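**Student:** attaching a predicted model along with its sequence, questions to come.
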Amino acid sequence: EKTVWSFTTETAPPFWEEGYPSITNQTIDGFVFNAWADQEGVFYGVVTLNSSPPTVEDIEQGLNGSARISFNEAVDDITIPTSITVLFNSNTALGNTYFLHVVYKAGGKYSEVATLQVDRVVPEVLSSNPAEGTIVFPVTESIEILFSEEVVGIDGDSLDANHFSFELKDKTIPVDFSISVVTESEMTKVVLTPTTALIEDTTYTITISEVYDLSGNPSDPVSITFETDGVSTWTGGGNSSDWSDPQNWGGVDFVQYKSVVISSLANTYPEITKGIIDVHNLTIQPGAVLTHTGGTLNVTGLFTLESSVDVNGSYINSGAVGAVLNVEGGNVNVEQVINNIDLSYVISSPTDGSTADNFGGYYPLYYYENSSDSWQPISFSSAMTSGVGYRMWTDDTMVNFSGDFNIGSVLVSLSRTDGQGYGWNFVGNPYPAAIDWNLLNVTEESTIEDNFWMWMPTQKSYGSYSASTGIAVNIESSKIPSNHGFLVKVKQGLTSG
């Protein structure tokens, strides 16, 4: 017997050609839709806000009129793609991402639904330096503007100086500048560099004209208004410590929120006793002193204590409850000049965050261990302990301490090991100002002798001070400079101090 098989062939559903469908030539008015399938038929499309595709029947029916845009086109030539222009309307306004869902129908069968993204999101200024409203922009810095996506001019060319205006606010005096434009991570960054430094304490406005993303969406014009930083210099001309006296600022009022320099040439130095003082960068020159006994000092920028070969700048905080300093530890910069990089020094940190890396990271720091009469290293990442003296080498002629200032009492443990280090202990000045041994209240009942010794690297000998006689040898006085370590001695008969 023979087996007879009966079957009926069916036409396959249409398939999209590789690379199709697609959207090209998008502008603010619309886009070109390109379709190409393997059979003659009709393509249907709907634009919605939903990324999930509707059913093929709903697409064919234009979502029964609820689509933001719907279209269809018959195709009778499949040797080339078919392209049509689709115009935006009031239902596809700028500011959103839309989704085009398309299907191809041939011989009563449907292709797979293809979903294409239609970008109508307007490009924006994502960030800028300076930001709108900045009041302390450095006069020598360039302006950086970062857009939310890649942007170009109306003709599709790269942005140039014609897309920006830079002028003194309310004076319409233009500022000459050069421009660089780069695209990183699909975002355009523009850098405007003034050809000459900006003017201190002056208001400027940068206006960015209409730019376009690669989908043809235009931005709104944007203006950025900012002020440059100004520097108030304390001259001490008022012969008083009054922060609010204009004579102490060269005859002009101190300007809140701007930068301040305490000059080493001043006749007198300031004391903050009350109120709220807001500054940007605060710089205390070598030999100058800022005393803080009350009120709040807010430093939003850098707090720098400068150093010279002979003397350091000083900040004296009384430690009183009402004397409040607000500054980020990472913005604190305490300088220390190194006279000769071929010598070793005994230093002490005025902050709580300094490590060997602050001194170039060339060599470890060493502390003196009384029990073994030896110098022991600490790791490069270990923070210096407040009140401890460290032996240090560096290849830099200027080193810097950073972190929060040490304020208030600092307790240092001392020991005596007879036969080893005896009573010697290397300690350090933990404050960003000199300390006076005579004010430390060392008495007959104290566990340490009423003397101190300092290593003098350039002289390769020790200097000393005896409180009982008031005599200083190889040093000037009873004062121990900031950033310096020194020796004290636990009395005989004791094991600690």
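**Tutor:** Everything's here; your move. Numbers count the residues shown, from 1 in each chain.

**Student:** what strands line up against the helix or strand of the chain with the lowest mean pLDDT, and which way round?
**Tutor:** Every helix and strand of the chain was ranked by mean pLDDT, DSSP states H and E. The lowest is strand 173-174, at a mean of 90. Pairing partners of strand 173-174, with direction, according to DSSP bridges: strand 164-168 (antiparallel).

**Student:** quick one: distance of the partner strand to the chain centre.
**Tutor:** Its chain's average C-alpha position is 25 Å from that of strand 164-168, according to Cα atoms, centre = their mean, to the nearest Å.

**Student:** same question for stretch 74-81.
**Tutor:** Going by Cα atoms, centre = their mean, where stretch 74-81 is centred and where its chain is centred differ by 57 Å.

**Student:** may I see the buried residues of it?
**Tutor:** Residues of stretch 74-81 classed as buried: 75, 78, 81 (neighbour count, 16 or more other Cβ atoms under 10 Å). Every C-beta, even on glycine, is put in place using the N, C-alpha and C of the backbone.

**Student:** contact partners for Val279?
**Tutor:** Applying Cβ atoms under 8 Å, 6 or more residues apart in numbering to Val279 gives the contacts 256-260, 297-301.

**Student:** could you measure it against Gly236, distance?
**Tutor:** 17 Å (Cβ to Cβ, to the nearest Å).

**Student:** same deal with Leu440?
**Tutor:** As for Leu440, its distance to Gly236 is 29 Å (criterion: Cβ to Cβ).

**Student:** which one's more surrounded, the two?
**Tutor:** The neighbour count for Leu440 versus Gly236, taken as other Cβ atoms under 10 Å, is higher for Gly236 (21 against 16).

**Student:** which residue packs closest to the more buried one, ignoring adjacent ones?
**Tutor:** If the residues on either side of it in the chain are set aside, Gly236 comes closest to Ala266, at 3.2 Å by Cβ to Cβ, 6 or more residues apart in numbering.

**Student:** and that neighbour, how many neighbours does it have?
**Tutor:** Ala266, neighbours per other Cβ under 10 Å, totals 19.

**Student:** residues contacting it?
**Tutor:** So Ala266 contacts 234-236, 248, 288 (Cβ under 8 Å, 6+ apart).

**Student:** repeat that for Leu198.
**Tutor:** 137, 139-140, 175, 204, 228.

**Student:** among the residues you listed, which ones are in helices?
**Tutor:** The members of the contacts of Leu198 all map outside helices under DSSP state H.

**Student:** in CSV: those, plus distance to Asn406, pLDDT and neighbour count.
**Tutor:** Below are the contacts of Leu198 laid out as CSV (distance: Cβ to Cβ, whole Å; pLDDT from 0 to 100; neighbours: other Cβ atoms under 10 Å):
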residue, distance to Asn406, pLDDT, neighbour count
Phe137, 32, 96, 19
Val139, 33, 95, 16
Thr140, 33, 94, 11
Val175, 44, 94, 18
Tyr204, 40, 96, 22
Thr228, 34, 96, 22
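
**Student:** would a markdown table of these with distance to Ser219 be doable?
**Tutor:** Shown next, in a markdown table, are these (distance: Cβ to Cβ, whole Å):
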| residue | distance to Ser219 |
| --- | --- |
| Phe137 | 23 |
| Val139 | 29 |
| Thr140 | 29 |
| Val175 | 22 |
| Tyr204 | 21 |
| Thr228 | 26 |
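
**Student:** among those, which lie within strands?
**Tutor:** Judged by DSSP state E, the subset of these located in strands is Tyr204.

**Student:** between the contacts of Leu198, which is closest to Gly62?
**Tutor:** Distance to Gly62, by Cβ to Cβ, is smallest for Tyr204 among the contacts of Leu198, at 53.0 Å.

**Student:** surely the closest one touches Thr225?
**Tutor:** Yes: under the criterion of Cβ atoms under 8 Å, Tyr204 makes contact with Thr225 at 7.2 Å.

**Student:** pull up the overlap in contacts between those two.
**Tutor:** Lys169.

**Student:** how many neighbours does Asn64 have?
**Tutor:** Close neighbours of Asn64, defined as other Cβ under 10 Å, add up to 8.

**Student:** can you tell me what sits against stretch 307-325?
**Tutor:** Contacting residues not belonging to stretch 307-325 are listed as 262, 264, 272, 283-297, 299, 303-306, 334-337, 339, 398, 405, 407-409, 431-434, 481-483 [Cβ under 8 Å, 6+ apart].

**Student:** now do the contacts for the closest residue in space to Leu487 that isn't next to it in sequence.
**Tutor:** Of all residues not flanking Leu487 in the chain, Trp453 sits nearest, at 4.0 Å (Cβ to Cβ, 6+ apart). Residues near Trp453 by Cβ under 8 Å, 6+ apart: 462-464, 486-488.

**Student:** likewise for Asn441?
**Tutor:** Contacts for Asn441 (Cβ under 8 Å, 6+ apart) come out as none.
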